[in-house]
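Q: Okay, sequence plus prediction incoming.
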Amino acid sequence: MNNLLGWILFILIAHSILYYTFGTPNWFGTALLATVVWAVVLYGIRYFVRDRNKERV
């Protein structure tokens with residue numbers, strides 16, 4: 001869990017820098033929204049991988 005939260009924090013920082021550099025008017029809101037999308041994707045992958053591992057055991 002902590003590793004995934006670390007990745008999400010890293011993605012938030014990277015998106016914040018990206019959208020601030022691009023000059024997006026609402027850069028933090030845009031970065032937060034993009035991070036939420038990636039967080040859902042990462043949690044979905046984690047859920048799928050754990051579910052597949054349980055089937056194999």
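A: Everything's here; your move.
Q: residues contacting Trp7?
A: For Trp7, the contacting residues are Leu42, by C-beta atoms under 8 Å, 6 or more residues apart in numbering. C-beta: built from backbone N, CA, C; applies to glycine.
Q: what do you get if the cut-off is 6 Å, keeping everything else the same?
A: Applying C-beta atoms under 6 Å, 6 or more residues apart in numbering to Trp7 gives no contacts.
Q: measure it to Arg52 for me?
A: Distance, Trp7 to Arg52, using C-beta to C-beta, to the nearest Å: 20 Å.
Q: How about Val41?
A: From Val41 to Arg52 the distance is 17 Å (C-beta to C-beta).
Q: same check, this time on Trp38
A: On the measure of C-beta to C-beta, Trp38 and Arg52 end up 21 Å apart.
Q: Those two: who's more crowded?
A: Trp38 (15 against 9; other C-beta atoms under 10 Å).
Q: Would you agree that one is in contact with Leu9?
A: No - contact criterion C-beta atoms under 6 Å: Trp38 and Leu9 do not qualify, at 11.4 Å.
Q: got the contact list for His15?
A: His15 neighbours (C-beta under 6 Å, 6+ apart): 31, 34-35.
Q: Which strand or helix spans it?
A: In the assignment (DSSP states H and E), His15 maps to helix 2-22.
Q: Just the buried residues of that helix, please?
A: For helix 2-22, a neighbour-count test (16 or more other C-beta atoms under 10 Å) marks 8, 11-12, 15-16, 19 as buried.
Q: would you turn these into a markdown table with pLDDT?
A: Formatted as a markdown table, those follow (pLDDT from 0 to 100):
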| residue | pLDDT |
| --- | --- |
| Ile8 | 95 |
| Ile11 | 97 |
| Leu12 | 97 |
| His15 | 98 |
| Ser16 | 98 |
| Tyr19 | 97 |
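Q: ok, so of those residues, who is nearest Asn2?
A: Ile8 (10.7 Å; C-beta to C-beta).
Q: is it true that that closest one touches Ala39?
A: Yes - shown here, Ile8 and Ala39 form a contact pair, counting by C-beta under 6 Å, at 5.0 Å.
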